[in-house]
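> Any chance you could fold what I've pasted below:
(chains A and B)
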Amino acid sequence: MAGTPVQVTGTVLTTRRVDAYHALTVVAPGIADRFRPGHFVTVAVGGPQTSMLTRRAFAVHDVKSDYGGTVEFVFAVRGPGTAWLADRKARDALDMVGPLGRPFPLPRDPATCLLVGGEYGSAPLFALADALHQRNCRVDFVLGAASSDRVFGALRARRIGETTTLTTQDGSLGMRGSVVDVLPAVIADTRADVVYACGPMPMLRGVTAVCVEFDIPVQVSVEEAMACGIGICMTCVVPVIGDDGATRMVRVCTEGPVFRGERVRFDDVGTIPFDALGAPGGDRGR
Amino acid sequence: MRAYLAHVELPNPILAAAGCAGTGRELSAFADVTRFGALTTRSITMAPRAGRPTPRMAETPSGMLNAVGLQGPGVEAFLARELPWLAERGARTVVSIGGGSVAEYTALARRLADAPGVTAVEINLSCPNVDDRGRVFARDGGAAAEVVASVRAAMRYDVPVVAKLAPDVADVVAIARACVDGGADALAMINTPIGMSIDVDAMRPALAAGTGGLSGPAIRPLAVRCVWQVHAALPGVPLIGMGGVTSGRDALELVLAGACAVAVGTTLFHDPYACPRILRELEELLHERGFDRLADAVGLAHRPAHRNDLEESPL
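This is a model prediction of the structure:
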């Protein structure tokens, strides 16, 4: 965890619809000050008498310095919690904790960086692109989704990226297919030195496989269901290979959400691999 | 506002519940864990445990189900890295222990007996007993008492041993009595009752493990009932009340039912500042009601109802 997270009662500044998604901008000075690209926030949903106890986690899309510091995040309505968030209006109060998690590591020297986003997973990549530009890195984008209204940030990517490749499963925007399908050609064309990816787990698995083949480093930001976001509930674990070569069930919220792609055992997500530290069988199976 | 856990004095009655405060480090970014009445660790096991597969958590109305499966680094790593961090800062640490057999609990107690910084030991009895085809200790008074007695015998005499009871048993008072007869210095209740949720879109259980422990305000009436029944039957036994406490009012409810300390659990996931807030709210409520000491409010709801037919008539 970089920086100290804080809990703030933020005030909603603006709400907007972005195609299939919603974006909320919240005045949250303590969080905006400490933000680095890749950080996420958690939000309490349902108001003070809520029956929804778990906090919802969202990658930070953007922070700005106006009003003492604002934080913007993007989400899709998936259940009653996100539906409540989508109903927020300007000036509503929002209980936020952040910034949380391990942000994207940045290259020390200028490099060619390929940023890959699936669905609204592309939201945190634009702040990353700004940080990379400040380090004189070249930035290219590959963004994809099921359909054109689910590709988040295509216009902004075209504006700030050296090249931008778009993909949709239904062919309604860019190339037909997934970001993984076009990745080998884009890596070859752009001569990417490093790949950053954020999106659904199957996409991250595919992107990591391609990067391993090209032998270039890949940083993935993993999304996993979590209740607290601060490392105490132990529900958001994925199997990750450590520096010592041993697999551990590590918390996405505190050890992640950004991992080196080749360290995440994507094929074993949702299981306890038999060789993980403390896997059943090591002691008497309980 | 002082509180007592058996003979051990705590600066205040608000504890963090087992499995809800991490190692203490995570929460310390938000609240000073050394100012909690005590911090209960997640249940420590002999060997490292990877826990259950994901999804481990499902939100339910006013609660959540979890099936983490006691993920943890094992007692050696706990003693090397986690307990010293808490002890150096002066935090009071209740070490929760979990095992699959009486022998494992005993071995854990022996390992903890000479460790500095153990304020109390809490026995998580909601673990399956491998010697009894996986029946959890908390459902079997005899097995629970056996665990309590062997842990009590292995621990230092001045460290209280607390038995944590489950609410989903036929007779919680009988289990409580068995644990006290086995040597428990205090009882903690309630552990999570077992629940289940099915994802109707996927048409599968919401948790990979199928069932999980239910926590949060949804179970508070169960906690109040258990504390009430056990305090009525065993009024001299110190009780730590827990189960869905989100505010000072909730904590006071458990105190009035008979708890002399209150632990905060799932609420910490929602509000990492919950412990100091709930303590402040509880203190205010007690002051408003004219109490100078917590002990005066403990179990007060048990006093007989006012019956005016027994009053002397002025006629």
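
> CA only for contacts and neighbour counts going forward, please
OK.

> element containing the closest residue to chain A within the stretch 201-315 of chain B, please.
At 4.4 Å from chain A, B:Phe269 is the closest residue in the stretch 201-315 of chain B, using C-alpha to the nearest C-alpha. For B:Phe269, the host element (DSSP states H and E) is helix B:267-270.

> what about the next helix or strand after that helix and chain A, any contact?
Using DSSP H and E, the helix or strand that follows helix B:267-270 towards the C-terminus is helix B:274-288. No. Applying C-alpha under 8 Å from any C-alpha of the partner chain, one finds helix B:274-288 separated from chain A by no less than 11.5 Å.

> same thing with stretch B:93-106?
Yes. Contact of stretch B:93-106 with chain A (C-alpha under 8 Å from any C-alpha) involves B:Gly100.

> same thing with stretch B:240-254?
No. Against chain A, stretch B:240-254 shows no contacts by C-alpha under 8 Å from any C-alpha, the least distance being 10.3 Å.

> chain center to that stretch: distance?
12 Å (C-alpha atoms, centre = their mean, to the nearest Å).

> Report the distance from the longest helix anywhere in chain A to the chain centre.
Secondary structure of chain A per DSSP state H: the longest helix is helix A:201-214. The chain centroid and the centroid of helix A:201-214 are separated by 16 Å under C-alpha atoms, centre = their mean.

> can you pull the buried residues of that helix?
Of the residues in helix A:201-214, those buried by neighbour count under the rule 16 or more other C-alpha atoms under 10 Å in any protein chain shown are A:201, A:203-211.

> Ok, stretch B:134-153 next?
B:135-141, B:143-153.

> ok, now stretch B:281-293?
Neighbour count says stretch B:281-293 has B:281-283, B:286 buried, by 16+ other C-alpha under 10 Å.

> Show me the helices in chain A, by range?
Here chain A has its helices, by DSSP H, at A:29-34, A:80-86, A:125-134, A:154-160, A:179-190, A:201-214.

> Show me what the mean pLDDT comes to for the first one.
This means helix A:29-34. In this model, helix A:29-34 has an average pLDDT of 88.

> Does it reach chain B?
No. Figure legend: helix A:29-34 not in contact with chain B (C-alpha under 8 Å from any C-alpha); closest approach 13.1 Å.

> residues in contact with that helix?
Contacting residues not belonging to helix A:29-34 are listed as A:3-6, A:8, A:63-65, A:67-71, A:97-99 [C-alpha atoms under 8 Å, 6 or more residues apart in numbering or on different chains].

> ok, now stretch A:139-147?
Here stretch A:139-147 has contacts from A:112-119, A:122, A:129, A:132-133, A:151-152, A:154, A:157, A:160-173, A:178-179, A:183, A:190, using C-alpha under 8 Å, 6+ apart.

> that older thread, hmm, the residue of the stretch 201-315 of chain B closest to chain A is touching A:Cys233, no?
Yes. Between B:Phe269 and A:Cys233 a contact is recorded at 6.7 Å, counting by C-alpha atoms under 8 Å.

> what's the overlap in contacts for these two?
In contact with both B:Phe269 and A:Cys233: A:227, B:20, using C-alpha under 8 Å, 6+ apart.

> Send over the least confident helix or strand in chain A by mean pLDDT as CSV, restricted to the C-alpha atoms.
When the helices and strands of chain A are scored by mean pLDDT, DSSP states H and E, helix A:29-34 comes last with a mean of 88. The C-alpha trace of helix A:29-34 is given here as CSV (Å, rounded to 0.1, in the frame of the first residue of the first chain):
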residue,chain,number,x,y,z
PRO,A,29,-9.5,16.1,-1.2
GLY,A,30,-7.6,13.7,1.1
ILE,A,31,-7.9,11.0,-1.5
ALA,A,32,-7.0,13.1,-4.6
ASP,A,33,-3.8,14.3,-2.9
ARG,A,34,-2.5,10.8,-2.4
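
> Run the chain-centre distance for it.
The answer for helix A:29-34 is 18 Å, by C-alpha atoms, centre = their mean.

> do the same with stretch B:194-201
Centre-to-centre, stretch B:194-201 and its host chain are 25 Å apart (C-alpha atoms, centre = their mean).

> List, one by one, the residues from chain B near chain A.
Counting by C-alpha under 8 Å from any C-alpha, chain B comes close to chain A at B:19-23, B:26-27, B:29-30, B:47-57, B:59-64, B:66, B:68, B:71, B:73, B:100, B:128, B:130, B:134, B:208, B:216, B:267-270.

> Tell me the spatial nearest neighbour of the residue in the stretch 51-200 of chain B that chain A sits nearest to, not counting adjacent residues.
Chain A sits closest to B:Ser62 of the stretch 51-200 of chain B, with a gap of 4.1 Å, by C-alpha to the nearest C-alpha. Excluding its sequence neighbours, the residue lying closest to B:Ser62 (C-alpha to C-alpha, 6 or more residues apart in numbering or on different chains) is A:Ser51, at 4.1 Å.

> from memory the one you found sits against B:Pro61, does it?
Yes. When contacts are counted by C-alpha under 8 Å, A:Ser51 is listed as touching B:Pro61 (5.5 Å).

> list residues touching both of those two?
With C-alpha under 8 Å, 6+ apart as the test, A:Ser51 and B:Pro61 reach no residue in common.

> Leaving out the residues flanking it, which one is nearest to A:Arg260?
Nearest residue to A:Arg260 in three dimensions, chain neighbours excluded: A:Gln219, at 4.6 Å (C-alpha to C-alpha, 6+ apart).

> for A:Arg135, same thing?
Leaving aside its sequence neighbours, A:Arg135 sits nearest to A:Pro110 (C-alpha to C-alpha, 6+ apart; 6.1 Å).
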